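[1] need coordinates for the below:
(2 chains)
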Amino acid sequence: GAVVSQHPSWVICKSGTSVKIECRSLDFQATTMFWYRQFPKQSLMLMATSNEGSKATYEQGVEKDKFLINHASLTLSTLTVTSAHPEDSSFYICSASHPGQEIYEQYFGPGTRLTVT
Amino acid sequence: AQTVTQSQPEMSVQEAETVTLSCTYDTSESDYYLFWYKQPPSRQMILVIRQEAYKQQNATENRFSVNFQKAAKSFSLKISDSQLGDAAMYFCAQEDTDKLIFGTGTRLQVFP
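    Numbering: from 1, shown residues only, chains lettered A, B, ... in the order given. So this is what the prediction gives:
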């Protein structure tokens, strides 16, 4: 149980376009989802915390107008990278908190590799 | 701000041997949670073990155990009887107001 999926697993887009990444909790309802960014050979950096039905809480330094997060249902959160540029190329990982456990118990998706050309 | 430090960028171990990965953290809280996550080449984050700070007993999960020193704010991971499948990046993480703060990671190589 507690499976989190991401789609797509890999996406290439042209500079200036927008790309949407989906994060789904497959067998549980997640009231809270998290979005991370991971550069090559580096750690995971929390970008934002997403709560179902409310606006996401962004970490300091993360542009909320560039990284749009929507958590419209208890099983789906989306991250849209708007007007993508090559420096946005990275590995994006989402995680979800299981409602039956403490919020810090996070289950991670397999990640999405974004390449902006 | 809370920080998590992993001072060993890379470690290596012979198969069947034991290796210890270091982690230190900084917090003013008295009750919190600590985690070790494994990230294999597939990039899927896998929870290895967790420790609750108010518990003095060190957590153990099969071949994985921790040495939790609360006063020293140290949280090391010991892998016994290392296997080739243990090769991965290992991240130490601390729970901070419902968020996870990750260390910089240690790449573990396992040699046959």
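[2] where does the closest residue to B:Ala16 other than its chain neighbours land in three-state SS?
    In this structure, B:Ala16 finds its nearest non-sequential neighbour in B:Asp81, 5.7 Å apart by CB to CB, 6 or more residues apart in numbering or on different chains. Backbone N, C-alpha and C define where each C-beta goes, glycine included. Of the three states, B:Asp81 takes coil according to DSSP: H, G, I helix; E, B strand; the rest coil.
[3] ok, now which ones touch B:Asp81?
    Applying CB atoms under 8 Å, 6 or more residues apart in numbering or on different chains, one finds that B:Asp81 lies in contact with B:16-18, B:63.
[4] now those in a markdown table, with secondary structure?
    Putting these into a markdown table (three-state DSSP) gives the following:
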| residue | secondary structure |
| --- | --- |
| B:Ala16 | coil |
| B:Glu17 | coil |
| B:Thr18 | coil |
| B:Arg63 | coil |
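[5] would you turn those residues into CSV with pLDDT and distance to B:Pro9?
    As requested, the contacts of B:Asp81 are exported to CSV (pLDDT from 0 to 100; distance: CB to CB, whole Å):
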residue, pLDDT, distance to B:Pro9
B:Ala16, 98, 24
B:Glu17, 98, 20
B:Thr18, 98, 20
B:Arg63, 97, 23
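[6] closest to A:Val11 out of those residues?
    B:Arg63 (37.0 Å; CB to CB).
[7] in contact with the closest residue to the closest one other than its chain neighbours, which residues?
    Sequence neighbours aside, B:Ser80 is the residue nearest to B:Arg63 in space, at 4.7 Å (criterion: CB to CB, 6+ apart). Neighbour list for B:Ser80: B:18, B:63-65 [criterion: CB under 8 Å, 6+ apart].
[8] and those residues, which two are the farthest apart?
    Greatest spacing in the contacts of B:Ser80, by CB to CB: B:Thr18 and B:Phe64 (11.0 Å).
[9] overlap in contacts, the two.
    By CB under 8 Å, 6+ apart, the residues touching both B:Thr18 and B:Phe64 are B:78-80.
[10] any idea how far the helix or strand bottoming out on mean pLDDT in chain B is from the chain center?
    Least confident helix or strand, chain B: strand B:99-102 with a mean of 91, by mean pLDDT, DSSP states H and E. Averaging C-alpha positions (CA atoms, centre = their mean, to the nearest Å) puts strand B:99-102 13 Å from its chain's average.
[11] what's the helix or strand following it in contact with?
    Once the chain leaves strand B:99-102, the next helix or strand it forms, by DSSP states H and E, is strand B:106-111. Identification of contacts with strand B:106-111 by CB under 8 Å, 6+ apart yields B:6, B:8-15, B:19, B:21-22, B:79, B:82-90.
[12] quick check: ChimeraX command selecting the buried ones in those.
    Burial among the contacts of strand B:106-111 is assessed by 16 or more other CB atoms under 10 Å in any protein chain shown; the matching ChimeraX selection reads:
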select /B:6,8,11,13,19,21,22,79,82,86,87,88,89,90
